[in-house]
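Peer 1: Sequence and computational prediction follow.
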Amino acid sequence: MNIIINCKHMELTPTIKDYTEEKIGKFEKYISNITEAIVTLSVEKYRHRAEVLLKVNGLMIQAESITAEMYSSIDEVVDKLERQIKKYKEKIASHRKGKTKSEPLPKAEKTTPLIIKKKAFDIKPMAIEEAAMQMDLLDKVFFVFTNASSGDINVLYKRKDGNFGLIEPVK
């Protein structure tokens, strides 16, 4: 696994680098096919942020933590990633057993938010269930993906009631 550590508004000390690599490196025993881990550490006033993005078999698992101390932020983000990886492995295991939970996804209207940040992802076409799993792994409330069955760009989002909504383009 290639671990890339980026720092914003702080200097990477050998102690923090070793601590981060040790903590992130232990994920290889849970999942053997992690290709890359991108760790971003930043300090804004009294807030210490640790953000980790793991790339696993074309999927991405992301978590972040903000505390008053960098080491506790790293510990907390590692705990979040452990929970997400366990959830991912349980979903993979249940999917293999044929116990998939597929609920009908209601259509919803799309709103236009103000764009304050841009990110580019190279993501393979996937099924709606796989997109829902990817959205959970990224710990986000929405996910844009290419639907494998239709080839269209779809948006999957988490509703306040805990269910999912799907936005599909009309042809």
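Peer 2: The structure has been received and is ready for your questions.
Peer 1: residues near Val170, how many?
Peer 2: For Val170, the count of nearby residues is 5 (other Cβ atoms under 10 Å). All C-beta atoms are positioned from the backbone trio N, CA, C, and that covers glycine.
Peer 1: should've said Thr15
Peer 2: Neighbour count for Thr15, taken as other Cβ under 10 Å: 9.
Peer 1: Same question for the helix or strand it falls within: list its buried residues.
Peer 2: According to DSSP states H and E, Thr15 maps onto helix 14-25. Residues of helix 14-25 classed as buried: 16, 20, 23-24 (neighbour count, 16 or more other Cβ atoms under 10 Å).
Peer 1: In PDB, could you pull the C-alpha coordinates for it?
Peer 2: Written as PDB, here are the backbone C-alpha positions of helix 14-25 (Å, rounded to 0.1, in the frame of the first residue of the first chain):
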ATOM      1  CA  PRO A  14       8.900  12.300  11.600                       C
ATOM      2  CA  THR A  15       6.900  11.400  14.700                       C
ATOM      3  CA  ILE A  16       3.600  12.200  13.200                       C
ATOM      4  CA  LYS A  17       4.600  10.600   9.900                       C
ATOM      5  CA  ASP A  18       5.600   7.300  11.700                       C
ATOM      6  CA  TYR A  19       2.500   7.400  13.800                       C
ATOM      7  CA  THR A  20       0.200   7.900  10.800                       C
ATOM      8  CA  GLU A  21       1.900   5.200   8.700                       C
ATOM      9  CA  GLU A  22       1.700   2.800  11.600                       C
ATOM     10  CA  LYS A  23      -2.000   3.400  12.100                       C
ATOM     11  CA  ILE A  24      -3.000   3.500   8.400                       C
ATOM     12  CA  GLY A  25      -0.700   0.500   7.600                       C
END
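Peer 1: Outside of that helix itself, list whatever touches it.
Peer 2: Taking contacts as Cβ atoms under 8 Å, 6 or more residues apart in numbering, the residues outside helix 14-25 that touch it are 1, 3, 5, 37, 39, 41, 52, 70-71, 74-75, 78.
Peer 1: so what's the nearest residue to Ile34 once chain neighbours are set aside up against?
Peer 2: Take Ile34 and drop its neighbours on the chain: the residue closest to it by Cβ to Cβ, 6 or more residues apart in numbering is Met1, 4.7 Å away. Met1 makes contact with 24-25, 27-28, 34-37, according to Cβ under 8 Å, 6+ apart.
Peer 1: of the residues you listed, buried ones?
Peer 2: Using 16+ other Cβ under 10 Å as the burial test, the contacts of Met1 include 24, 27, 34, 37 as buried.
Peer 1: Please identify which pair of the residues you listed lies farthest apart.
Peer 2: Greatest spacing in the buried ones among the contacts of Met1, by Cβ to Cβ: Ile24 and Ile34 (9.0 Å).
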